[in-house]
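*Asks:* Provided below for reference: sequence and predicted model.
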Amino acid sequence: MGHDIFGVNKTGEDIAYARFSMGNYNSIILYNLLNAEEFHAGVSGNGGSTIISKQQLEKAMNDYKKTFGKKEVSKTDIDLKQIFNFIEQCLSTAHEEGSVKVYFG
């Protein structure tokens with residue numbers, strides 16, 4: 001069990017991935033930033049998915065930077081780094097396509 005979160009572009013390709021073990025409470029940070037708390041099922045995602053717009057991802061990145069700083073976090077903070085990278089990769093795709101689909105497994 002664990003949280004496997006995928007960002008997918010309009011052609012169905014995985015463009016972002018974040019993985020949290022079932023005991024890692026930092027997973028809720030990503031759910032909160034994406035305003036997707038309803039997909040958090042405790043030890044894993046609930047298997048659902050949602051479309052997240054470019055504007056929602058921009059807000060997520062701004063909220064991340066407000067909370068954790070404007071610079072990318074150090075390599076020692078693995079969870080925050082993967083959260084930053086996930087949002088950044090989804091946002092990059094959303095700039096081209098307008099949105100991304102996110103699966104919460």
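*Replies:* Structure's in. What do you need?
*Asks:* Just the buried residues of whatever helix or strand Thr50 lives in, please?
*Replies:* Using DSSP states H and E, Thr50 falls within strand 49-53. Applying a neighbour-count criterion of 16 or more other Cβ atoms under 10 Å, one finds 49-50, 52 buried in strand 49-53. (Each C-beta comes from the backbone N, C-alpha and C, glycine too.)
*Asks:* Report the separation between Ile52 and Val100.
*Replies:* Ile52 is 6 Å from Val100, where distance means Cβ to Cβ, to the nearest Å.
*Asks:* Ok, Lys59 next?
*Replies:* Look at Lys59 and Val100: by Cβ to Cβ, they are 14 Å apart.
*Asks:* Specify which residue of the two has the higher count of neighbours.
*Replies:* A side-by-side neighbour count of Lys59 and Val100, using other Cβ atoms under 10 Å, places Val100 first with 26 against 15.
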